[in-house]
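Q: can you look at this prediction? I've put the sequence above it.
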Number of protein chains: 2
Amino acid sequence: MEFSSFLTSLGTSFTIFIILMLLFTWLSAKRGNAVVYYPNRILKGLEPWEGGLKTRNPLAWIREALSSTEQDIINMSGIDTAVYFVFLGTVLGILVLSGVVLLLVLLPTASTDDEVKKNAKSTTSKGTFNDLDKLSMANIEERSPRLWAFLIAVYWVSLVTYVLSWKAYKHVSALRANALMSPEVKPEQFAVLVRDLPDVTPGQTSKEQVDSYFKSIYPDTFYRSLVLTNNRKVDKIWAELEGYRKKLARTEAIYEESRRKGNSEGKRPTNKTGFLGLCGKQVDSIEYYNEKIKKMTQKLEAEQKVTLREKQLGAALVFFTDRVTAALAAQSLHAQMVDKWTVTDAPEPRQLIWTNLTIKFFVRIVRQYMVYVLVFLTIVFYMIPIGFISAITTLENLRKLLPFLKPIVDQVQIKTVLEAYLPQLALIIFLALLPMFLLFLSKIEGIPSGSHVIRAASGKYFYFSVLNVFIGVTIGGTLFDTLKSVEEEPNSLVPLLAKSLPGNATFFITFVALKFFVGYGLELSRLFPLIIYHLRRKYLCKSEAEIREAWFPGDISYATRVPSDMLIITIVLCYSVIAPVIIPFGVLYFALGWLVLRNQALKVYVPSYESYGRMWPHMHTRIMGALLLYQVTMLGYFGVIQFYYTPILIPLPILSLLFYYVCRRKFYNAFCHTALEVASQELKETPNMELIFRSYIPPSLIPEKQEDEQFEGALSRVSRTGSFVWSTSFVYFHHSDAVL
Amino acid sequence: MEFSSFLTSLGTSFTIFIILMLLFTWLSAKRGNAVVYYPNRILKGLEPWEGGLKTRNPLAWIREALSSTEQDIINMSGIDTAVYFVFLGTVLGILVLSGVVLLLVLLPTASTDDEVKKNAKSTTSKGTFNDLDKLSMANIEERSPRLWAFLIAVYWVSLVTYVLSWKAYKHVSALRANALMSPEVKPEQFAVLVRDLPDVTPGQTSKEQVDSYFKSIYPDTFYRSLVLTNNRKVDKIWAELEGYRKKLARTEAIYEESRRKGNSEGKRPTNKTGFLGLCGKQVDSIEYYNEKIKKMTQKLEAEQKVTLREKQLGAALVFFTDRVTAALAAQSLHAQMVDKWTVTDAPEPRQLIWTNLTIKFFVRIVRQYMVYVLVFLTIVFYMIPIGFISAITTLENLRKLLPFLKPIVDQVQIKTVLEAYLPQLALIIFLALLPMFLLFLSKIEGIPSGSHVIRAASGKYFYFSVLNVFIGVTIGGTLFDTLKSVEEEPNSLVPLLAKSLPGNATFFITFVALKFFVGYGLELSRLFPLIIYHLRRKYLCKSEAEIREAWFPGDISYATRVPSDMLIITIVLCYSVIAPVIIPFGVLYFALGWLVLRNQALKVYVPSYESYGRMWPHMHTRIMGALLLYQVTMLGYFGVIQFYYTPILIPLPILSLLFYYVCRRKFYNAFCHTALEVASQELKETPNMELIFRSYIPPSLIPEKQEDEQFEGALSRVSRTGSFVWSTSFVYFHHSDAVL
């Protein structure tokens, strides 16, 4: 890639970003768009515009983002989001601190080395030497004493990473502890999840079995249990009932509108009762749906009774009257045989993956390993097409392979743009296909909570993107030139990687710039959600609920966001010393990300779960992984350019492993379990156990008749499970109590 | 080694065993020896001879051993001993079941192969083919279809091992559960060990800190805490006081004797007060010691107060009023920072290693890894001298190296005996040097309980003996012949090992036979303890306590016994198919071991701790390790003799790893912690918390004045800590309560 096409790419990206930002300023100020740009504030019952004031200042959102505190984020979006900002802030800090030193010291050191310039001509003719390379280690002669500066820089970056990530771990740990010791009553802190119930003895229900078991161990603090039931049938009936209710609401809205428009009695909507409403008897819709709802309600009630009594399964939720007992129970071994009565933390009701709860102990383990093998295969076999794509999408190759494109491609402007974007675009599209598959794989592992599935998928995605994008592209880009040398020495991967590193720096700089300018521009402007909302509103939605569904924003979607951030860190760290020019781009990525997502977290996204920062250890591990990869790469690179003092770098990877180990031992356990000193903090009020208990009842089992205000309140969180239960949830919970 | 010397060796060993057994029959029937042959019964307050009847039948002990039940063993010697017999029984079962099939099928298959016999002459001339080899795989031609029988035999042995070890694991797990749910009050079930206390805030003692922390978490069940103190000084004073008390008792005994003998007033003993009683003023001993004891008692009381108040350290024992809370607390994370307030199970008072309790979290980890490195180095560097010894101690070499031995060595009888024993003796002596060192290493890891130290040392010893004895001897024995081939291909260890296997079978058969006939003969006859006891009694002991000390038998000493059993299993398993003749010897080893130790456990040894079978997972792991080594060896051996269907064996090691993994997941956790369903069983009586608490007070801190009957009872277990605290225990516990 030539320097001019690099600048074109940057310029285009920046222009797109400015346009998107201006669009955002203009669009977000329109009242009709408020539900797209301020849904989180609206759902929390706040005014869309802070202080009720609209502004046309295109930088106002930046001011608001900068002035918001961590507490604001926690209030608006929870601990998980706050932890994500700690992560962004930490990485930003690492890059800024590294950048200040590296840019000031390494750029002059590299650009003033005259030795290589003498041979510049011959190198340029090979087409791998451009203006950017003058600022990188490629401009330093082999064995030059100037390499000392680069070697020390490797240490500096590592040191900065250790210090800042240690501080961040401490801070996040405190955030988690504070949230868990909050005096607010949180249902999941009073419950544990019990799986692998042993077979019931005849004449006993699972419910009785669970109750007697836990009563004997916790005679004073056991409150009640909720045994899982097979809800396939009751769910179906409930879904049908809900369908009729939606249709009724929609029909009433249409009738209302026709009355308003016609200024008369209006036209009562009708429908046909046959197949898809296309044939059969014509009936009055409102009456018809009311009739149906009445019938289905009776059916539901009957089925609920049968389900609760006869369809109990081998898992349960157990409730305790205080947090300490629940925390103790979740960490302790209950049965002498470890594969029976396994007790763990209860996830929040909204993130429980009900279908996974009945999977047995050893089946879970087998599934887990099978998924690991599958992921491994996926990673390995995706590498082949990616390498192929990155080799093919150079313009030269395209022209050769697809000669009919020649006339288009040879036009100067198109050529420049294509040259700048083609490889990166191919990569980005390719990567977008994967997350769904990885989420699916993580889910069938048998993990009981949504947040855990997202962490698992995010981890898989990270390994995938580092192995395939970073290593794959680096090697793939030079594969056609060096295929021979690899064939000769198949073990030469590290020197090969090292040799091809400087040549790929510009590719990755463009990649990062594309990601942040275009990616964050689209994120901020919310163009696609806006268009979809207006389309749905205009042509599909009738009732209030349908409109709400059309603008409901969802959550930040860590499953893809975190691994792509991680990929950027890995790339920037690995190139930081070789081509320090990449650091400002990294800084821009995380600074812009911090600003844009701060805005989105405060105003747009609605978190779909709260895991109290359990994402952090996952992020920390991967930051350490990136650091380690960086250190090993540098070791290899210094080795390849034959610097005599390369072994001075050997302690660094060892130090990183040690640092990681210490962090893990010191902090990690408190992220897996609730520490007792935290759980034992006093509550604001005596917990209403009935409310806590009811918050876990699945919607299809909630009795239709006795709905009162209080009941609704505790259940409101359950009914939002939709976004987590990816497959149809056919099993739900049961309590055979007389109240229900 | 020739066949005749093999028979000589066997015959001699057997004769020695018979003689030792007859000696045992004769000696154990004498009343004066009862304390040597029946100490466990005597200490439990039983008659030495069952039913009070002496017998001169040399096989009576066998009848008694066979008729004893597992419950007898548990009553007389605890769960750990019962588990050891499960282990012996399981291994015996594996060998018997394997042996029946292997001997019946493989021996005829091997001995009737005529192909090799044709070439027998040339092979014998090499000196590696003897009569025993005719019964082994060495007699089967390469690629012979008869190898199918051997291949299937490998599967049979593995299958038998899986089935029996699974059953044993289940049985031991039930034993442990039963013991832990016993309605008897056991102090360690009500306590937890708290380490890594954070620094105290000024103006607060550790004791206050611990109390307020645990009171806030367990407001209802927290009983009291016992903070560790630096007892260096108080221990010294107490030891001095105890010394004077012993001397007083001894002096009084001497005086008593002189009165009895002289039939008069007797002669009051005197001593000099100066250095070692050799100079200084002559004084009346009884008065002098009484005076000293009075003075020291005052000093002790003053020091006790100072210690309790001012010398508190950073660890504590915390007591709860019920077992469930203690079990819950021991398994749960207490502090948000994992390296503070670490809570674990409390070991029994008698097996607490006080000096290790104050070692900090990360220091423990560092120590552990340092010890691992040290053990690794020990294992590797012991291999050199062992290989050297086993090469040198063949008679040929001895004669060459030490020519002055020639006249002795050349006598036929001496030659035969030496040839039979020399290598094995050298090996056994060499191995005897190690256990102390490994115990020391395990202790400085920072492990808090004696039983755990013994397990750790036993594990290290096992790796050592398998690597050095089994692999070392096998290779070392053929090293001089094949040194060249190893130099040429350093990776040829597996084929080398496989090739030298049949040649070494006789060596190991002799080794096993020596171990069981002579080893168990000595064990049963207790010749050395008997002689030492009589010597001490005659020349040293005066007081009752001193005599008791002279015959106190100690425990079964698993630290060395288990690894040597493990070595035998490894050897027998590895040779089982190659040379099935070894199996009967293995069976004899474990059958005789079972019988002799049954006798010793019932009548002789007094367990010095109870870990409720925690040794079992350790044993199971090593049985699996032996099985894996066996399977890999067979894979290598079949490969070397070029049997085409060798790959059929590949699933076996994988199966073993899977089986091990499943066992570990299903059972292991219940051996690390107390399952709650077990801890929640009801007690016979309300526990006397004061007694439980006092049982943990170190002897030097027990107040001298208020000793009452009850107090003594609870403390009687503490005073036996001696055998566990290998180093001088200078730190002890503290409770700043007014009662003391």
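A: On my side now, so go ahead.

Q: for A:Val83, give me its contacts.
A: A:172, A:175, A:613, A:615-616, A:619 (Cβ atoms under 8 Å, 6 or more residues apart in numbering or on different chains). For every residue, glycine as well, the C-beta is placed using N, CA and C.

Q: next: A:Leu10.
A: A:510, A:513.

Q: just A:Ala315 next, same as before
A: Counted by Cβ under 8 Å, 6+ apart, A:Ala315 has contacts A:193-197, A:227-228, A:357-358.

Q: and if we set it to 10 Å?
A: A:193-197, A:206, A:210, A:226-229, A:342, A:354, A:356-360, A:448, A:731, A:733 (Cβ atoms under 10 Å, 6 or more residues apart in numbering or on different chains).

Q: that one sits in which helix or strand?
A: strand A:312-320 (DSSP states H and E).

Q: quick one: buried residues of that strand?
A: Neighbour-count burial for strand A:312-320 flags A:312-320 (criterion: 16 or more other Cβ atoms under 10 Å in any protein chain shown).

Q: mind listing what's buried along stretch A:14-26?
A: A:17, A:20-21, A:23-25.

Q: restrict those to contacts with chain B.
A: Taking Cβ under 10 Å from any Cβ of the partner chain as the test, chain B is in contact with none of the buried residues of stretch A:14-26.

Q: now the residues you listed as TSV including secondary structure and pLDDT?
A: TSV is the format used below for those (DSSP: H, G, I helix; E, B strand; the rest coil; pLDDT from 0 to 100):
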residue	secondary structure	pLDDT
A:Phe17	helix	88
A:Leu20	helix	90
A:Met21	helix	88
A:Leu23	helix	89
A:Phe24	helix	89
A:Thr25	helix	86
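
Q: quick one, strands of chain A?
A: When secondary structure is read from DSSP state E, chain A shows strands at A:191-195, A:222-230, A:270-272, A:282-284, A:312-320, A:342-345, A:731-734.

Q: buried set for the fourth one?
A: Under the neighbour-count criterion of 16+ other Cβ under 10 Å, strand A:282-284 has nothing buried.

Q: rewinding a little: alpha carbons of the strand holding A:Ala315, as PDB, please.
A: C-alpha atoms of strand A:312-320 as PDB (Å, rounded to 0.1, in the frame of the first residue of the first chain):
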ATOM      1  CA  GLN A 312     -41.100 -31.300  38.100                       C
ATOM      2  CA  LEU A 313     -37.600 -31.600  36.800                       C
ATOM      3  CA  GLY A 314     -34.200 -32.100  38.400                       C
ATOM      4  CA  ALA A 315     -33.100 -28.500  39.200                       C
ATOM      5  CA  ALA A 316     -34.300 -25.900  41.600                       C
ATOM      6  CA  LEU A 317     -33.800 -22.500  43.100                       C
ATOM      7  CA  VAL A 318     -33.600 -22.300  46.800                       C
ATOM      8  CA  PHE A 319     -34.200 -19.100  48.800                       C
ATOM      9  CA  PHE A 320     -32.700 -18.100  52.100                       C
END
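
Q: quick one: the helices in the stretch 101-250 of chain A?
A: A:114-118, A:120-125, A:147-180, A:206-217, A:232-262 (DSSP state H, counting those that start in this stretch).

Q: how much space separates A:Ala626 from A:Phe590?
A: 13 Å (Cβ to Cβ, to the nearest Å).

Q: find residues that contact each of these two.
A: With Cβ under 10 Å, 6+ apart as the test, A:Ala626 and A:Phe590 both reach A:91, A:568-569, A:572.

Q: follow-up on the earlier one: dump the helices of the stretch 101-250 of chain A to CSV, plus mean pLDDT, mean neighbour count and distance to chain B.
A: Formatted as CSV, those follow (pLDDT from 0 to 100; neighbours: other Cβ atoms under 10 Å in any protein chain shown; distance: least, Cβ to the nearest Cβ, whole Å):
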stretch, mean pLDDT, mean neighbour count, distance to chain B
helix A:114-118, 56, 12, 44
helix A:120-125, 43, 12, 44
helix A:147-180, 94, 19, 5
helix A:206-217, 92, 19, 4
helix A:232-262, 84, 16, 31
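
Q: residues contacting the nearest residue to A:Arg268 once chain neighbours are set aside?
A: Once flanking residues are discounted, A:Arg268 sits nearest to A:Asp284: 5.5 Å by Cβ to Cβ, 6 or more residues apart in numbering or on different chains. If you count contacts by Cβ under 10 Å, 6+ apart, A:Asp284 has them with A:251, A:268-271, A:290-291.

Q: with B:Met21 as the reference, measure out to the residue in the stretch 1-150 of chain A that chain B sits nearest to.
A: For the stretch 1-150 of chain A, the residue closest to chain B is A:Ile79, as judged by Cβ to the nearest Cβ, at 14.1 Å. Going from A:Ile79 to B:Met21 by Cβ to Cβ gives 73 Å.

Q: cool, and A:Lys261?
A: 112 Å.

Q: centroid residue for chain A?
A: A:Tyr558 (1.3 Å; Cα atoms, centre = their mean).

Q: pretty sure that one sits against A:Asp80.
A: Yes: between A:Tyr558 and A:Asp80 there is a contact under Cβ atoms under 10 Å: 7.6 Å.

Q: overlap of the contact sets of these two?
A: In contact with both A:Tyr558 and A:Asp80: A:451, A:454, A:607, A:609, A:611, A:615, using Cβ under 10 Å, 6+ apart.

Q: ok, back up a step: residues in contact with the residue of the stretch 1-150 of chain A closest to chain B?
A: So A:Ile79 contacts A:73, A:172, A:175-176, A:178-180, A:182, A:607, A:610-616 (Cβ under 10 Å, 6+ apart).

Q: quick check: residues of the stretch 251-400 of chain A near chain B?
A: Counting by Cβ under 10 Å from any Cβ, the residues of the stretch 251-400 of chain A that sit close to chain B are A:322, A:324-325, A:327-343, A:361-362, A:365.

Q: one more time with 8 Å, if that's ok
A: A:324, A:327-329, A:331-339, A:341, A:361-362, A:365 (Cβ under 8 Å from any Cβ of the partner chain).

Q: list only buried entries from the residues you listed.
A: Here, 16+ other Cβ under 10 Å leaves A:324, A:327-329, A:331-339, A:341, A:361, A:365 buried among those.

Q: now do the same contact list for A:Tyr218.
A: A:Tyr218 neighbours (Cβ under 8 Å, 6+ apart): A:320, A:325, A:329, B:324.

Q: try 7 Å this time
A: Neighbouring residues of A:Tyr218 by Cβ atoms under 7 Å, 6 or more residues apart in numbering or on different chains: A:320, A:325.

Q: excluding its backbone neighbours, what's nearest A:Gly639?
A: For A:Gly639, the spatially nearest residue (Cβ to Cβ, 6+ apart) is A:Thr646, at 5.2 Å.

Q: report how many residues lie close to that neighbour.
A: Residues lying near A:Thr646 (other Cβ atoms under 10 Å in any protein chain shown) number 18.

Q: quick one, what contacts it?
A: A:635, A:638-639.

Q: hang on, A:Ala191 packs against A:Leu317?
A: Yes: assessed by Cβ atoms under 7 Å, A:Ala191 is found in contact with A:Leu317 at 5.2 Å.
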